[in-house]
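A.B. asks: Below are the sequence and a predicted model; questions follow.
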Amino acid sequence: MQEDIVKKKTLVSLAAKLIMFILIIGYLAYFIYNYINTDFDWTNKINIFKVTLIFIIIIFLGIICLSNNKATLFFTIINYILICVLIVVSLIDILPKKEKPATKQTKKEKTIDEGQLICTGKTNTSDNTKIQVTYKEDEIKELIYTYEFDLKDKEKAQELVNNFDNKYKEFNTIYSEISINDKINIIFTYNIEDVEQQNLDKLDIKSYKELKEKELDKLTCQKKELD
């Protein structure tokens, strides 16, 4: 009777060790396969935890194989608990995770201030002046001055044109026009957008804001949207 009990205990112990051995070998095979075929991250805390558990389980397996019956039972129970923890952690790690719905963020689009401003009124140059400026933010793209003179001021008008042409003679995109009918009309056109970058500093016109503060605010202006 006593011998039968001892045999049963031995068989149970052997079965427990065999099952444990199979579980450990099976998990190690899975772990090695996963390590080879995926981008295993050694900085990941879960991966570090799994490697630590594997190391402890293998040490306990060695103790189980070399220890007496009482120690074997204790380490066998502990090892089974650790194996279960390892399997559960691995299952949680490989199960598909619910992705949090992306929070819709409404990006505020910056409104670009651009257009064309047409201003008329009296200036130091002429009692009847029109300034037309095309701009984008603080950058002037095109600027057109139109001055009207009486016929009696022909000499003054011509001198104005000559000074302008002499000042901007090196700029192909800045030019003057003069027409004489009942009145003398002078047009100064600045195609600033087409001026080469290295020549921009040679112009007196610096920015839309500066132009507006110095000249346009003294006139009657109307904004026109660009097509």
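C.D. replies: Looks like it came in fine. Residues are numbered from 1 along each chain as shown.
A.B. asks: so how many other residues sit close to the spatially closest residue to residue 49 that is not a sequence neighbour?
C.D. replies: Distance criterion Cβ to Cβ, 6 or more residues apart in numbering; nearest residue to residue 49, sequence neighbours excluded, is residue 89 at 6.7 Å. In this view, the C-beta of every residue, glycine as well, is placed from N, C-alpha and C. Look at residue 89: counted by other Cβ atoms under 10 Å, it has 15 neighbours.
A.B. asks: if I read this right, residue 89 contacts residue 50, doesn't it?
C.D. replies: Yes. In this structure residue 89 lies within contact range of residue 50 using Cβ atoms under 8 Å: 6.1 Å.
A.B. asks: biggest strand in the chain by residues?
C.D. replies: Secondary structure assigned by DSSP state E gives strand 139-149 as the longest strand of the chain.
A.B. asks: ok, and for the longest helix anywhere in the chain, which residues are buried?
C.D. replies: The single longest helix within the chain, with elements called by DSSP state H, is helix 2-37. By neighbour count on 16 or more other Cβ atoms under 10 Å, the buried set for helix 2-37 is 16, 17, 20, 23, 24, 27, 31.
A.B. asks: With stretch 168-178 instead?
C.D. replies: 168, 171, 174, 176, 178.
A.B. asks: circling back to that earlier point, and the longest strand of the chain, which strands flank it?
C.D. replies: Paired strands of strand 139-149, with direction, are strand 128-136 (antiparallel), strand 184-190 (antiparallel) (DSSP bridges).
A.B. asks: quick one on the thing from earlier: give me the secondary structure label for the residue nearest to residue 49.
C.D. replies: helix (DSSP: H, G, I helix; E, B strand; the rest coil).
A.B. asks: got the contact list for it?
C.D. replies: Going by Cβ atoms under 8 Å, 6 or more residues apart in numbering, residue 89 touches 46, 49, 50, 53.
A.B. asks: Any idea how many residues pack against the last one?
C.D. replies: Residues near residue 53, counting by other Cβ under 10 Å, number 18.
A.B. asks: Confirm that it sits in a strand.
C.D. replies: No. Residue 53 is assigned helix when assessed by three-state DSSP, not a strand.
A.B. asks: excluding its backbone neighbours, what's nearest it?
C.D. replies: residue 86 (4.7 Å).
A.B. asks: Over to residue 209?
C.D. replies: Looking at residue 209 with Cβ to Cβ, 6+ apart, the closest residue is residue 138, at 5.3 Å.
A.B. asks: show me the contacts for the one you found.
C.D. replies: Residue 138 makes contact with 207, 208, 209, according to Cβ under 8 Å, 6+ apart.
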